[in-house]
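Visitor: the sequence isn't on hand, but the structure is:
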């Protein structure tokens, strides 16, 4: 995770200062799941500490595999936690009953980086598009995604450096509506839930205008050279998240030519097996750029990636394809490794060529990710071929009190009340609309508990509409579906003794409408 603050030569002294000055440690757990285990519901309860409420939670699902991350502070900061120490980072696999090695469940702690920049008010958000078609990458496409990921993170880390606060792929690609449509986006066509596009938020110092310009120049050069489309969040007055300013349109001919030039030797097939990887460590500028550069140098493709900073900890979750020669030879396992060993084993199992340079020892130990840990689970066999359909994204935003009956829990470390999970509730309601919806799933979920005891969150829910809904009827069907699910969710929350005034909820099939339309109260 590219983040702000400490660099490799000072790590030892920083860790010593953290220990002596009482810098806080944050506990976390990470889950890896797939078709073999099923995806657990998203929520704020850590699987490894079910008597706790996580301060932040993240879930990312694609093609039947998924990641879950929870972070929270210990009740007694000085207490030792069963193999988790107060060193800079410590992590271990958490033994579970029932799923064996098919499920990766890890628990650990990190001494946070107090210099991390975590201010989304001064940031720039970009969308890099490889293709507008539904996500179904081949091996060669996965290497192009690695190339794009490496270029984006390196651009952020260049010069004075800036933290990547969020990066995800696949995401819903965006097309500019025609000039005849209104500025509110009412003419925007329904999007595919997932396309070969990468979305990134970079944090900037308030007065660092030069970095913003340098970042955009580097990204424009990357996009031009490889046929990528580039859009930047529209920050003009009155504009909201989900509105984009197009810099460059995708150039499919250039993209295909560049893919053939760089990776024409790669198999032209959809990967059949994948490894799930999570890189975790203190938030620090340049860490994700170092990891991306190492993967690219070893010809390791990336099918999907979700990286975020949570409580000053960097989490980089990746789905990487297993090399065809290794399919059937690698045994299912779940383990935690050092960054060097983890990247080395990943290159051995997922690197797509046998060139000596690809098998060279990793140089990441001299980078900003030197103390990161790699959590690895696999191989798994996601049904990627079955995920090329026309699912449509719905964006959800909410805010509810934490705990049962709408009562804020304050500093109570072991609440007895239920934590309302709005995203799972809305998804369940959508599945009941069988006359319009054949399936609904959470692709992305992010929630946090505010100091005042309110849970706020955002999620992207992918829905597949019934066959009776023709292409021309999709906008009308989604426009009816979202208000209905919104009303039903509010009614269910009120039935749990939450007051109407305490509930903020908005569901829309155009992301920009979350900001323009406000939230229903």
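Guide: That came in fine, so what should we check first? All values reported here derive from a predicted model rather than from experimental measurement. Numbering: from 1, shown residues only.

Visitor: burial measure for residue 479, as a count.
Guide: Residue 479 has 13 neighbours, counted by other C-beta atoms under 10 Å. The way it works is simple: take the backbone N, C-alpha and C, and place the C-beta from them, glycine included.

Visitor: right, I mislabeled it, should have said residue 248
Guide: Using other C-beta under 10 Å, residue 248 has 16 other residues around it.

Visitor: repeat that for the one 4 residues further on.
Guide: By the criterion of other C-beta under 10 Å, residue 252 has 14 neighbours.

Visitor: so it makes contact with residue 130?
Guide: No - the criterion here is C-beta atoms under 8 Å, and residue 252 misses it with residue 130 at 9.3 Å.

Visitor: where in the stretch 1-150 of the chain is pLDDT low?
Guide: Across the stretch 1-150 of the chain, residues meeting the criterion (pLDDT under 70) sit at 1-24, 75-87, 96-102, 112-121.

Visitor: again, 50 this time
Guide: 2-21, 78-81, 83-86 (pLDDT under 50).

Visitor: where do the helices of it begin and end?
Guide: In the stretch 1-150 of the chain, helices defined by DSSP state H, counting those that start in this stretch lie at 11-21, 139-157, listed in chain order.

Visitor: what of the stretch 301-450 of the chain?
Guide: With DSSP H, counting those that start in this stretch, the ranges of helices along the stretch 301-450 of the chain come out as 339-350, 422-432.

Visitor: now render the ones you listed as a markdown table, adding distance to residue 66.
Guide: What follows is the helices of the stretch 301-450 of the chain, written out as a markdown table (distance: least, C-beta to C-beta, whole Å):
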| stretch | distance to residue 66 |
| --- | --- |
| helix 339-350 | 19 |
| helix 422-432 | 14 |
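
Visitor: compare those helices and give me the one nearest residue 48.
Guide: Nearest to residue 48 among the helices of the stretch 301-450 of the chain is helix 422-432 (19.7 Å), distances taken as C-beta to C-beta.

Visitor: please compute how far that closest one lies from its chain's middle.
Guide: Between the centre of helix 422-432 and the centre of its chain there are 21 Å (C-alpha atoms, centre = their mean, to the nearest Å).

Visitor: buried ones in it, by neighbour count?
Guide: 422-430 (16 or more other C-beta atoms under 10 Å).

Visitor: what does stretch 451-463 give?
Guide: 453, 455, 457-463.

Visitor: just these now: which is nearest residue 165?
Guide: For these, the nearest to residue 165 is residue 458 (13.8 Å; C-beta to C-beta).

Visitor: following the helix or strand hosting the closest one in sequence, what is the next regular element?
Guide: Using DSSP states H and E, residue 458 sits within strand 454-465. Sequence order places helix 474-495 as the next helix or strand after strand 454-465, per DSSP H and E.

Visitor: all strands for the stretch 151-300 of the chain, in order.
Guide: Secondary structure of the stretch 151-300 of the chain (DSSP state E, counting those that start in this stretch): strands at 164-169, 195-203, 229-233, 244-248, 274-282.

Visitor: find the nearest non-adjacent residue to residue 265, please.
Guide: Distance criterion C-beta to C-beta, 6 or more residues apart in numbering; nearest residue to residue 265, sequence neighbours excluded, is residue 353 at 7.3 Å.

Visitor: cool, residue 322 as well?
Guide: Per C-beta to C-beta, 6+ apart, closest to residue 322 is residue 273, 4.2 Å.

Visitor: residue contacts, that neighbour?
Guide: Residues counted as contacts of residue 273 (C-beta atoms under 8 Å, 6 or more residues apart in numbering) are 321-322, 327, 330, 378-381.

Visitor: among those, which one lies nearest to residue 202?
Guide: Once C-beta to C-beta is applied, the member of these that ends up nearest residue 202 is residue 321, at 27.2 Å.

Visitor: need the contact list for that closest one.
Guide: By C-beta under 8 Å, 6+ apart, the contact set of residue 321 is 139, 142, 271, 273-274, 301, 303, 350.

Visitor: closest to residue 442 among the residues you listed?
Guide: The closest of those, once distances to residue 442 are taken by C-beta to C-beta, is residue 303, at 18.6 Å.

Visitor: how about the closest one, nearest residue that isn't a chain neighbour?
Guide: residue 319 (4.5 Å).

Visitor: from memory residue 453 sits against residue 502, does it?
Guide: No - contact between residue 453 and residue 502 fails when scored by C-beta under 8 Å: they sit 10.6 Å apart.

Visitor: between the two, which contacts overlap?
Guide: Common neighbours of residue 453 and residue 502 (C-beta under 8 Å, 6+ apart) are residue 401.

Visitor: my guess is residue 159 contacts residue 214. True?
Guide: Yes - between residue 159 and residue 214 there is a contact under C-beta under 8 Å: 5.6 Å.

Visitor: would you mind telling me which of the two has more residues around it?
Guide: Higher neighbour count among residue 159 and residue 214: residue 214, with 16 against 13, using other C-beta under 10 Å.

Visitor: dump the residue contacts of the more buried one.
Guide: 155, 158-159.

Visitor: same check, this time on residue 468
Guide: Here residue 468 is in contact with residue 435 (C-beta under 8 Å, 6+ apart).

Visitor: how about the nearest residue to residue 440, chain neighbours excluded?
Guide: residue 430 (4.0 Å).

Visitor: now residue 266: closest residue in space that isn't a chain neighbour?
Guide: In this structure, residue 266 finds its nearest non-sequential neighbour in residue 140, 4.1 Å apart by C-beta to C-beta, 6+ apart.

Visitor: report how many residues lie close to that neighbour.
Guide: Using other C-beta under 10 Å, the number of residues around residue 140 comes to 20.

Visitor: and if you look at the one 3 residues further on?
Guide: The criterion is other C-beta under 10 Å. On that basis, residue 143 has 24 neighbouring residues.

Visitor: which residues does the most centrally placed residue in the chain form a beta bridge with?
Guide: The centroid of the chain falls nearest to residue 306 when counting by C-alpha atoms, centre = their mean (2.7 Å). For residue 306, the beta-bridge partners are residue 168, residue 317 (DSSP bridges).

Visitor: surely it and residue 170 touch.
Guide: No - if you go by C-beta under 8 Å, residue 306 and residue 170 don't touch, sitting 9.9 Å apart.

Visitor: so who does residue 66 touch?
Guide: 32-34, 39, 59-60 are the contacts of residue 66 under C-beta under 8 Å, 6+ apart.

Visitor: what's the neighbour count on residue 390?
Guide: Number of residues near residue 390 (other C-beta under 10 Å) recorded here: 12.

Visitor: quick one on the thing from earlier: measure the residue nearest to the centre of the chain to residue 380 for me?
Guide: Going from residue 306 to residue 380 by C-beta to C-beta, to the nearest Å gives 16 Å.

Visitor: same deal with residue 471?
Guide: Residue 471 is 33 Å from residue 380, where distance means C-beta to C-beta.

Visitor: nearest spatial neighbour of residue 255, skipping sequence neighbours?
Guide: Take residue 255 and drop its neighbours on the chain: the residue closest to it by C-beta to C-beta, 6+ apart is residue 227, 3.3 Å away.
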